[in-house]
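> fold the following for me, if possible:
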Amino acid sequence: MLGGLAPDSPAPMSPAMQQTIKNHWKTIQKQVPGTIFNFEFWRQNRPRRSTYPACRAVIAVKNQDRSLEDAMIHAIQTAYYLQAKNPSDDEVLVHCAATLELDIPRFRQDLHDSTTGEQLFREIKLAQSMQAFSFPSLVLKADNGIRDIHIDYLDADNMLSQLG
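Below you'll find the model as predicted:
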């Protein structure tokens with residue numbers, strides 16, 4: 001489900017937040033073999049702390065073809081992390097959707113439709129009710145409640161052992 005980390009905002013991301021995210025990228029590159037980020041993003045864009053547009057884009061794609069949800073998430077992540085494109089910008093999201101051969105006029109309309117926003121807020125509320133406050137989060141919902149599962153990108157057995 002989508003967690004929507006940051007609402008729509010035209011304001012530029014603070015230099016301190018930019019540095020924090022760059023540092024996260026560097027840490028991930030060191031800890032997860034084969035992971036790369038295009039740091040040109042920080043020079044080529046006016047970064048904004050605004051993730052709701054990308055979340056709504058995923059919902060807009062699901063409205064047309066539920067089977068393309070993962071492909072849209074991948075397209076957005078590729079644009080952001082590898083192609084140094086800003087996923088807070090509608091045109092970047094439209095380009096991502098176009099690679100999936102969707103009805104682009106419908107996508108543009110759904111991207112800002114109130115029902116799309118309502119769906120996002122339902123998913124955010126559900127994530128919060130499950131105490132999934134970070135991205136990504138992994139939780140186990142069982143009869144005895146909800147448990148946070150520590151994510152280990154290098155050893156799936158660590159995560160599987162938490163399920164028992």
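
> can you give me the helices for the protein?
15-31, 41-44, 52-64, 69-77, 90-98, 104-111, 114-129, 156-161 (DSSP state H).

> what packs against the fifth one?
Applying 3 or more Cβ pairs under 8 Å, 6 or more residues apart in numbering; DSSP states H and E, we find helix 90-98 packed against helix 52-64, helix 69-77, helix 104-111. C-beta coordinates here come from the backbone N, C-alpha and C atoms, glycine included.

> which one, of those helices, ends up nearest to residue 30?
Residue 30 sits nearest to helix 69-77 of all the helices and strands packed on helix 90-98, at 19.2 Å, using Cβ to Cβ.

> which elements pack onto the closest one?
helix 52-64, helix 90-98.

> highest mean neighbour count out of these?
Comparing these by mean neighbour count (mean count of other Cβ atoms under 10 Å), helix 52-64 comes out on top with a mean of 22.

> returning to what we had before: mind putting the helices of the chain in JSON lines, distance to residue 8 and mean pLDDT included?
Below are these laid out as JSON lines (distance: least, Cβ to Cβ, whole Å; pLDDT from 0 to 100):
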{"stretch": "helix 15-31", "distance to residue 8": "16", "mean pLDDT": "95"}
{"stretch": "helix 41-44", "distance to residue 8": "19", "mean pLDDT": "97"}
{"stretch": "helix 52-64", "distance to residue 8": "5", "mean pLDDT": "97"}
{"stretch": "helix 69-77", "distance to residue 8": "16", "mean pLDDT": "97"}
{"stretch": "helix 90-98", "distance to residue 8": "11", "mean pLDDT": "98"}
{"stretch": "helix 104-111", "distance to residue 8": "11", "mean pLDDT": "98"}
{"stretch": "helix 114-129", "distance to residue 8": "9", "mean pLDDT": "93"}
{"stretch": "helix 156-161", "distance to residue 8": "33", "mean pLDDT": "93"}
